[in-house]
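# starting from these lines, generate the structure:
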Amino acid sequence: MNAPTLPGPTGELRLAVILQRDRLHSAWQRWSWSVRDVLQANDEGPMPRCLVWNAASSQWLFGSYGLELHRDEGEGYHLNLTSPSPSWFVWWTGPADPDCDDPRVQPGGLPAVQAITLSYNEAARWMDAGETVEIVPLPGAVANWLAAFTAMAYRPEPRRRVRPQSFLAPQERDATLAQAAAENGHQPQPTAGTSDNRAGDMDARAAGRKRIHT
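So this is what the prediction gives:
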């Protein structure tokens, strides 16, 4: 997305998606679709529309899709922004006729873009439901727009500071250790449900499902 014109924090961003189709040399699958880019939508006319065509590869423009930011997704935006590579998350479904050789004359050969989000948590819910979700790098201007909204909508829980054991008297140290053991006995071990692990799990699943569709 080049020099996007961004709305206010509570406004709607209109987007389009470029998908690419490549021929596969496989007895089980003739064509593979993948997301190439997310763009700000303009008045592009009827879509989807073929942008590039040849016998082995083609690119198609899909749109337009509205994206609004929601306060109840604040944690998901925070996880996205604090990841190594902030991203768009694009949910799309495969074509009804995956063996179609020319989607220009057979619309059943085209996939469909279902939704776009900037929330790790929302994208994870889609993936947990078995949907195809691909990631696309987020432009810096959009990341700043998202960060401004997230700063208003979400406050990460502060981590509790543990007093160094060396500064405690022996009896205080024993009591602290006993309390920690009791707490650990009643709290589950970190799982994919915690914020940090959800982010790592999201990256792994998105990478594993990239360019896969049913």
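# contacts and neighbour counts: CA atoms only from here.
Fine.
# and residue 60, how far from residue 105?
Per Cα to Cα, to the nearest Å, residue 60 is found 14 Å from residue 105.
# more crowded one of those two?
Neighbour count, other Cα atoms under 10 Å: between residue 60 and residue 105, residue 60 has more, with 21 against 9.
# distance of that one from residue 129?
26 Å.
# go on, residue 93?
Counting by Cα to Cα, the gap from residue 93 to residue 129 is 13 Å.
# and those two? Which one has more around it.
residue 93 (17 against 9).
# what segments of this structure are strands?
In the chain, the strands defined using DSSP state E lie at 12-23, 31-40, 49-53, 57-68, 87-93, 112-117, 132-137.
# Serialize the ones you listed to TSV and add fields for distance to residue 5.
Compiled in TSV, the strands of the chain are given as follows (distance: least, Cα to Cα, whole Å):
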stretch	distance to residue 5
strand 12-23	9
strand 31-40	8
strand 49-53	23
strand 57-68	14
strand 87-93	17
strand 112-117	18
strand 132-137	18
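# got these as CSV, with mean pLDDT columns?
Listed next are these as CSV, based on pLDDT from 0 to 100:
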stretch, mean pLDDT
strand 12-23, 93
strand 31-40, 94
strand 49-53, 93
strand 57-68, 92
strand 87-93, 96
strand 112-117, 96
strand 132-137, 96
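# pLDDT of stretch 70-77, averaged?
Average pLDDT, stretch 70-77: 94.
# send the alpha carbons of it over as CSV?
Output of stretch 70-77 as CSV, limited to C-alpha atoms (Å, rounded to 0.1, in the frame of the first residue of the first chain):
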residue,chain,number,x,y,z
HIS,A,70,-12.8,-2.3,17.5
ARG,A,71,-11.9,-1.7,21.2
ASP,A,72,-12.6,-5.3,22.2
GLU,A,73,-9.8,-6.4,19.8
GLY,A,74,-7.2,-4.2,21.5
GLU,A,75,-5.2,-7.2,22.8
GLY,A,76,-5.1,-8.7,19.3
TYR,A,77,-3.9,-5.4,17.8
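# i'd like the first residue to be 36 from this point on
That works, and once the first residue is 36, the last one we named lands at stretch 105-112.
# residue 111: neighbour count?
23.
# bridging residues for residue 151?
residue 125 (DSSP bridges).
# show me the contacts for residue 143.
Counting by Cα atoms under 8 Å, 6 or more residues apart in numbering, residue 143 touches 130, 131, 132, 133, 135.
# how about a cut-off of 6 Å?
Residues in contact with residue 143 (Cα atoms under 6 Å, 6 or more residues apart in numbering) are 131, 132.
# quick check: it vs residue 95, distance?
From residue 143 to residue 95 the distance is 14 Å (Cα to Cα).
# all helices of the chain, in order?
109-116, 155-163, 175-188, 205-221, 230-244 (DSSP state H).
# mean pLDDT for these: which is lowest?
Looking at the helices of the chain, the bottom one is helix 230-244 with a mean of 53.
# list the buried residues of stretch 183-191.
184, 185, 188, 189 (16 or more other Cα atoms under 10 Å).
# the residue nearest to residue 189 when sequence neighbours are not counted: neighbouring residues, count only.
Distances taken as Cα to Cα, 6 or more residues apart in numbering put residue 109 closest to residue 189, at 5.1 Å, once the chain neighbours are dropped. For residue 109, the count of nearby residues is 25 (other Cα under 10 Å).
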